[in-house]
Each structure stands twice: as C-alpha cells, then as structure tokens.
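# Sequence first, predicted model second:
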Amino acid sequence: MENCIFCKIASGQIPSDKVYEDDRILCFKDLHPQAPIHLLVISKKHFAKLTDIDSSNSADIAYIFEKIPVIAKKVGLDKGFRVIANCGEDAGQTVFHVHFHILGGKKFSESF
C-alpha cells in the first residue's frame with residue numbers, strides 16, 4: 001500500500017529503531033511507548049485489519065507469533081510481557097496495517 005506508514009517502514013523508506021528483522025517481519029520500537037519496553041511487530045505483507053486474516057494468509061500471522069517469544073527474549077523480557085492488537089477504529093487502531101504491540105519491562109495489572 002503506497003500510503004501505509006508501516007509499509008514504508010518495512011521497505012526502508014522511513015527509518016525506524018529496529019529490534020528484529022528477517023525476510024517476513026519487522027520489529028521496531030514504538031515512537032510513543034506505553035511501557036519501558038514497547039515494540040511493534042509487523043508483517044512485511046500488508047493486511048489492514050485482523051478481520052482481513054483468513055486461511056489464505058493466516059500463516060503470516062502465525063509466523064509473527066512464533067517470533068514474538070524470540071524477540072521478547074532478545075530484549076530481556078524474561079519475567080513476562082503483554083501482546084496487544086487493535087482491530088478497527090473503535091478498538092483504537094490508528095495505523096491500518098496489522099501490527100502487534102509487545103509491552104514489558106514492568107509489572108502490569110490485570111485490567112487495561
């Protein structure tokens with residue numbers, strides 16, 4: 001998608017503070033962290049919302065979830081972390097490219 005900021009970050013058109021990258025995904029630091037460690041994980045393929053995921057592309061999301069523990073270990077989140085995804089405007093999604101927030105570095109309460 002030509003106007004998607006995360007597609008531009010994934011392609012290198014916009015710089016980011018990369019934490020992990022391979023041929024399928026990119027993980028980078030959030031510009032407005034909500035925790036001591038706040039990372040975003042994106043597929044290099046564009047999916048606007050979680051509701052766009054189906055059997056034809058769910059392997060891309062599964063791959064992200066295989067890599068999240070690797071990324072968390074790399075940044076020292078041995079005591080735990082939270083993974084959040086927003087789907088749609090009412091849920092707080094502001095960038096319409098599926099992404100997962102990894103938050104950690106502090107003890108969280110059960111509530112949001």
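Looks like it arrived, so ask away. Numbers count the residues shown, from 1 in each chain.
# Please count neighbours and contacts with C-alpha atoms only from this point.
Fine.
# Output the below-cut-off pLDDT ranges for the protein.
Counting by pLDDT under 70, the chain shows low-confidence ranges at 112.
# Just want the most central residue of it.
With the centre of the chain defined as its mean C-alpha position, the nearest residue by C-alpha atoms, centre = their mean is V41, 2.4 Å away.
# for this protein, what spans make up the helices?
Assigned helices in the chain, in chain order: 5-11, 58-74 (criterion: DSSP state H).
# Check the ones you listed for me and report the most buried one.
When the helices of the chain are scored by mean count of other C-alpha atoms under 10 Å, the highest mean neighbour count falls to helix 5-11 (a mean of 18).
# can you tell which of the helices of the chain is closest to C27?
helix 58-74 (8.1 Å; C-alpha to C-alpha).
# With adjacent residues omitted, what lies nearest to K49?
Leaving aside its sequence neighbours, K49 sits nearest to V98 (C-alpha to C-alpha, 6 or more residues apart in numbering; 5.3 Å).
# Can you report phi and psi for that neighbour?
In this entry, V98 is assigned phi and psi values of phi -50, psi 130 (degrees, to the nearest 10).
# ok, it to V83 distance?
In this structure, V98 and V83 are separated by 13 Å, where distance is defined by C-alpha to C-alpha, to the nearest Å.
# The two: who's more crowded?
Comparing V98 with V83 by other C-alpha atoms under 10 Å, the one with more neighbours is V98, at 25 against 15.
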